[in-house]
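Novice: output the structure for:
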Amino acid sequence: MSLTVYAPASMGNVSVGFDLLGAALAPIDGSLLGDRVSVDHQESGVELSVSGKWADKLPSDPKQNIVYQCAEFFLKAQGIKSGVSLVLEKNLPVGSGLGSSASSVVAAFAAMNECFGLPCEPQALLELMGEFEGKISGAVHYDNVAPCYLGGMQLMLEQHGRISESIPAFDDWYWVVAYSGVSLSTARMRQLMPQQYDKRTCIDFGRNLATFVHACYKQDAQLALSVLKDVLAEPYRAPAIPGFEVARAGLNELGMDVTGISGSGPTLFSVTRDKQLAEQAAVWLAEHYVCEADGFVHVCQLDQQGTRRV
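Specialist: Numbers count the residues shown, from 1 in each chain. I've put the predicted structure just below:
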C-alpha cells in the first residue's frame, strides 16, 4: 500500500545562526509549502517519477535525482532485497533559499523509513539526511534538514550523538517569506563569503546567537528581535540578491521588525507580531520584490509538526 510523506520548507540560518539555526515554515492559510514523496513496494529495484510545479527543473535521468539515490542507499544499507516505486511531487523551487533539496531528501528518507517499519531511529536518519542534502548544497549542514524533519526552530548541536535541539519560538510572530523567482546556487552563495573573519565579527556572531537563544527561552521578544541580524553572510550575499536591499528598506518603512535572507537566498523573510501588517507586507513584496512569474509570497508561522504522513 502506497504512503505519502510531506516535508515542509525551511529557513536556514534565520539570520543570527549561520549553519546553526533553522526553522520550518507553515503558511497561515493552511496550505502546504514543501515537497511530498510517495512510496510503494515492488518486487525489485527503484523506480522514480516526478510531478509538481518544479519537476522540469530536475535531472531528466531518474538515477541522477537525489530522491532515487536516497531510496537506493536506504535499501542497500538495510539489506532489503525488494524494491520501491517512488513519486516525488516537487513543490519547492530549486535554489530558492527555502530548503528545497532538504525537503526532497527528508521526505524521501522519512517515506522509506515508514514504508519498511521504522528501522532507523530519528537521529541516525537525520544524519543520513544531512549527508545526502550536502551533496547538492556543497557542504553538510543541518540547519535545513533538522527543522524540516523535526519541525519548529532547531539549534544545531552535533555533540554526543545529538544533531539538533528544539528551542522555544514566539507563537505570535508572523514570518513573511518572499521568493523573487530567481534561482541562486547555494554552493555559489557560500563562495561569496570570506574564508576568515576578524575577531570582533566572531565575537558579535557568538554574542548575538547566544542572546537570541536566551531570549527565546525567556520569551523576551524585544531582545530576540534586537539581535536577529546576520554579521557573517548577509554583508556579502545581500548585494548578489537582486532587489534585496531595496526590499529590506521598504519593509522597514512599512514597520516590519526585522528582515533577513532565508538560507542563501533569494527568498527573504520579514518578521512582525502584527498579522494585518504581515499581510500588508506580503502585498508590498508581491508588487516590489517578486520579479518572475514563478515567484510567490506567503505569510507563515513556524511549522511545529515537521515531516509527516499526509
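Novice: going by C-alpha atoms from here, please, whenever you check contacts or count neighbours.
Specialist: Will do.
Novice: nearest spatial neighbour of V94, chain-adjacent residues omitted?
Specialist: Excluding its sequence neighbours, the residue lying closest to V94 (C-alpha to C-alpha, 6 or more residues apart in numbering) is S100, at 5.7 Å.
Novice: okay, the one you found: pLDDT?
Specialist: We have a pLDDT of 94 for S100.
Novice: and it, how many neighbours?
Specialist: 24 (other C-alpha atoms under 10 Å).
Novice: now swap in V299 and tell me
Specialist: Neighbourhood size, V299 [other C-alpha under 10 Å]: 23.
Novice: let's see the strand or helix carrying F205 as PDB, backbone CA atoms only.
Specialist: Assessed by DSSP states H and E, F205 sits inside helix 199-218. Taking Å, rounded to 0.1, in the frame of the first residue of the first chain, the C-alpha atoms of helix 199-218 are listed here in PDB:
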ATOM      1  CA  LYS A 199      37.900  38.600  16.000                       C
ATOM      2  CA  ARG A 200      35.300  41.300  16.500                       C
ATOM      3  CA  THR A 201      33.000  39.700  13.900                       C
ATOM      4  CA  CYS A 202      33.300  36.300  15.600                       C
ATOM      5  CA  ILE A 203      32.500  37.800  19.000                       C
ATOM      6  CA  ASP A 204      29.500  39.600  17.600                       C
ATOM      7  CA  PHE A 205      28.200  36.400  16.000                       C
ATOM      8  CA  GLY A 206      28.600  34.400  19.200                       C
ATOM      9  CA  ARG A 207      27.000  37.100  21.300                       C
ATOM     10  CA  ASN A 208      24.000  37.600  19.000                       C
ATOM     11  CA  LEU A 209      23.300  33.900  18.700                       C
ATOM     12  CA  ALA A 210      23.700  33.300  22.500                       C
ATOM     13  CA  THR A 211      21.400  36.300  23.200                       C
ATOM     14  CA  PHE A 212      18.800  35.100  20.700                       C
ATOM     15  CA  VAL A 213      18.600  31.600  22.200                       C
ATOM     16  CA  HIS A 214      18.500  33.100  25.700                       C
ATOM     17  CA  ALA A 215      15.700  35.400  24.600                       C
ATOM     18  CA  CYS A 216      13.800  32.500  23.100                       C
ATOM     19  CA  TYR A 217      13.800  30.600  26.400                       C
ATOM     20  CA  LYS A 218      12.900  33.800  28.400                       C
END
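Novice: what lies in contact with the helix or strand encompassing L251?
Specialist: Assignment of secondary structure by DSSP H and E places L251 within helix 244-254. Contacts with helix 244-254, where a contact means C-alpha atoms under 8 Å, 6 or more residues apart in numbering, come from 238-239, 258-260, 266, 268, 270, 277, 281, 285, 288-289.
Novice: go again using 7 Å as the cut-off
Specialist: Defining contact as C-alpha atoms under 7 Å, 6 or more residues apart in numbering, one finds that helix 244-254 is touched by A238, T259, A281, Y289.
Novice: make JSON lines from these and add distance to L126, neighbour count and pLDDT to it.
Specialist: Output for those, formatted as JSON lines (distance: C-alpha to C-alpha, whole Å; neighbours: other C-alpha atoms under 10 Å; pLDDT from 0 to 100):
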{"residue": "A238", "distance to L126": "30", "neighbour count": "18", "pLDDT": "96"}
{"residue": "T259", "distance to L126": "29", "neighbour count": "25", "pLDDT": "98"}
{"residue": "A281", "distance to L126": "35", "neighbour count": "26", "pLDDT": "98"}
{"residue": "Y289", "distance to L126": "34", "neighbour count": "26", "pLDDT": "98"}
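Novice: helices of the stretch 101-250 of the chain, residue ranges please.
Specialist: For the stretch 101-250 of the chain, the helices defined by DSSP state H, counting those that start in this stretch occupy 122-137, 145-150, 186-191, 199-218, 221-226, 234-237, 244-254.
Novice: re the thing from before, turn the contacts of helix 244-254 into CSV, including distance to V106 and secondary structure.
Specialist: Shown next, in CSV, are those (distance: C-alpha to C-alpha, whole Å; DSSP: H, G, I helix; E, B strand; the rest coil):
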residue, distance to V106, secondary structure
A238, 28, helix
T259, 27, strand
A281, 31, helix
Y289, 29, coil
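Novice: of all these, which two lie farthest apart?
Specialist: A238 and A281 (19.5 Å; C-alpha to C-alpha).
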